[in-house]
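Asks: Structural data only, the sequence is not supplied:
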């Protein structure tokens, strides 16, 4: 069985099929395939044999205990027959399972073993970036690093400032990794997200060697780690107990402290009751404060500082982001904070005030400041996305490979083709901040429609007459809906009577706009003239889209860690799952659903047919590390989606920083 480093595989993939080893489920293009236990055991034995013959005697031993009295020959034949039925395979012309008469069976297609739960995670794929941490004297940097050949698996390295040689400290590839150097320089703490047995907070020596585990952490939770000034405590974000929250959700994270000597662990109260969750802790060098990011709603965050015991907290005025923070650090004198947001680096006084943009730094994430030596380090990242086009020759067959349609050095994403088929609305950072743009169907004549200058903008949707575009904006701190004319002019806010509104979608009759709220997470619709919205679903659900026949609103919903497509009546109620399909992006068509499946760099476009109730792969989308969308043209001939080909990052050092 092939593995990535020391990570145990969680999934096996072949052709359009995938086996979830933890839940013992078989999926085809994201849709669960019913299969009994013994045929599934046969499949696993064949997969693990890696192309070698599995003898009939091996199957007998694996399927039945020694004291079982059955007709083994008939039992093996039946199990293999049922496996072929599940795979829609043929004994005469096999695609997957080859029979060697009187000997056994062999699996005849390549198998890919995956160590993560990417295709079934409720979280999007996030490209890892280096997270630097200085030694106390400022002469060395610890950082996480991954490469394409590691399939996003990171290890911990250190490097002497001014030298090119790097030293690898850990040898357990991880999905994400963050580190922090102890104040006395004797230890490096790191937060690892890996297979269940290796996820947690650890200590190791800067010289390498053994690791000591201090605490468990939450899989796929926020990364970030900070030492207290006295070296006794480490701060990190961890999922809170539901009992501690009035409105618990899977994202209820708070700051935890763990004692590095006794491993005692305690949770700090959120710095404000407005915080949905709290992350990115950073102790001040003088030990008086602990800074953290308070998440108010999707992407909207503020920085708070509190005393290390959590009893006293206050907001750092001006330190707000509508794009989310990618790092928080203290200046060496503990009098100001640095943070990265929207690829810029900012500095704000501890007392609060207007943040200063540090113009010498570009495309910034994960800033770190040395306690001595007047040095600043940060990761400079380059991971721009582009808009891709796939032309369809028929409903379930591409006319050719996917090609890049809209691209710029600052990233383009989230396309939506107008109902008349003439224009594309999309989001782009080419003007310096993410704004709404529109261009012709062939990507010519791009025109900027909004000029908010940095406030986070979400999904766009056209009106049925192709004259207006609705989108969500977080300029006020909460998600709100705005409408702008397709030929330009000032946007107007659309009141909905809800505390937040995002991911809008215009109804086919032009009278309503569907959207979802985040607290509570539900699907709503509001009149295009504004006013009190109508709630359509109970708890759970986002990303609403109206069905082609206009009778149902389809939406995304997480069930047991699976992202599934559900639907409800356009008038509310009658909620039910559409399929058992798990997907990272989808769009309804006239007779089915197109959806994105897979994981980097092996994504594909699938199609779920409402007539046959089967899903199959339409096209491979090779070489892309992140894919989301898609969207479909009104004539059903063009699929657009957002894709990222690569992610590059370097650590930059600034000397003489004060």
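Replies: Sure thing, it's come through. Values in this document were obtained by computation on a predicted structure and should not be read as measured data.
Asks: can you give me the strands in the stretch 401-550 of the chain?
Replies: 403-406, 412-417, 423-428, 435-440, 447-448, 457-462, 468-473, 480-485, 492-494, 502-506, 512-518, 521-527, 534-535, 542-546 (DSSP state E, counting those that start in this stretch).
Asks: pLDDT of the third one, averaged?
Replies: Over the span of strand 423-428, the pLDDT mean works out to 96.
Asks: before we move on, back to that, mean neighbour count and distance to residue 346 added to the strands of the stretch 401-550 of the chain, as a markdown table?
Replies: Every residue, glycine included, has its C-beta placed from N, CA and C. Compiled in a markdown table, those are given as follows (neighbours: other CB atoms under 10 Å; distance: least, CB to CB, whole Å):
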| stretch | mean neighbour count | distance to residue 346 |
| --- | --- | --- |
| strand 403-406 | 16 | 29 |
| strand 412-417 | 23 | 23 |
| strand 423-428 | 24 | 22 |
| strand 435-440 | 20 | 20 |
| strand 447-448 | 13 | 24 |
| strand 457-462 | 22 | 20 |
| strand 468-473 | 23 | 21 |
| strand 480-485 | 20 | 24 |
| strand 492-494 | 16 | 27 |
| strand 502-506 | 25 | 25 |
| strand 512-518 | 24 | 25 |
| strand 521-527 | 22 | 30 |
| strand 534-535 | 14 | 38 |
| strand 542-546 | 22 | 30 |
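Asks: Can you name the element that comes right after the helix or strand of the chain with the lowest mean pLDDT?
Replies: Among the helices and strands of the chain, strand 112-114 carries the lowest confidence by mean pLDDT, DSSP states H and E, at a mean of 73. Per DSSP states H and E, the first helix or strand lying C-terminal to strand 112-114 is strand 133-134.
Asks: still on that earlier bit, make JSON lines out of the strands of the stretch 401-550 of the chain and add distance to residue 99.
Replies: Formatted as JSON lines, the strands of the stretch 401-550 of the chain follow (distance: least, CB to CB, whole Å):
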{"stretch": "strand 403-406", "distance to residue 99": "42"}
{"stretch": "strand 412-417", "distance to residue 99": "48"}
{"stretch": "strand 423-428", "distance to residue 99": "51"}
{"stretch": "strand 435-440", "distance to residue 99": "55"}
{"stretch": "strand 447-448", "distance to residue 99": "62"}
{"stretch": "strand 457-462", "distance to residue 99": "50"}
{"stretch": "strand 468-473", "distance to residue 99": "56"}
{"stretch": "strand 480-485", "distance to residue 99": "60"}
{"stretch": "strand 492-494", "distance to residue 99": "63"}
{"stretch": "strand 502-506", "distance to residue 99": "50"}
{"stretch": "strand 512-518", "distance to residue 99": "51"}
{"stretch": "strand 521-527", "distance to residue 99": "50"}
{"stretch": "strand 534-535", "distance to residue 99": "56"}
{"stretch": "strand 542-546", "distance to residue 99": "45"}
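Asks: Compare these and give me the one nearest residue 146.
Replies: Checking these against residue 146 by CB to CB gives strand 412-417 as the closest, at 22.8 Å.
Asks: That closest one: partners in the sheet, and parallel or antiparallel?
Replies: strand 423-428 (antiparallel) (DSSP bridges).
Asks: what residues does the partner strand touch?
Replies: Strand 423-428 is contacted from outside by 387, 406, 408, 410-418, 434-441, 443, 446, 448-449, 457, 460, 462, 466, 469, 486, 640, using CB atoms under 8 Å, 6 or more residues apart in numbering.
Asks: sorry, back to before: closest one to residue 255 among the strands of the stretch 401-550 of the chain?
Replies: Once the strands of the stretch 401-550 of the chain are compared by CB to CB, strand 512-518 is nearest, at 21.4 Å.
Asks: in the stretch 451-600 of the chain, which ranges drop under the pLDDT threshold?
Replies: 559-562, 579-584, 600 (pLDDT under 70).
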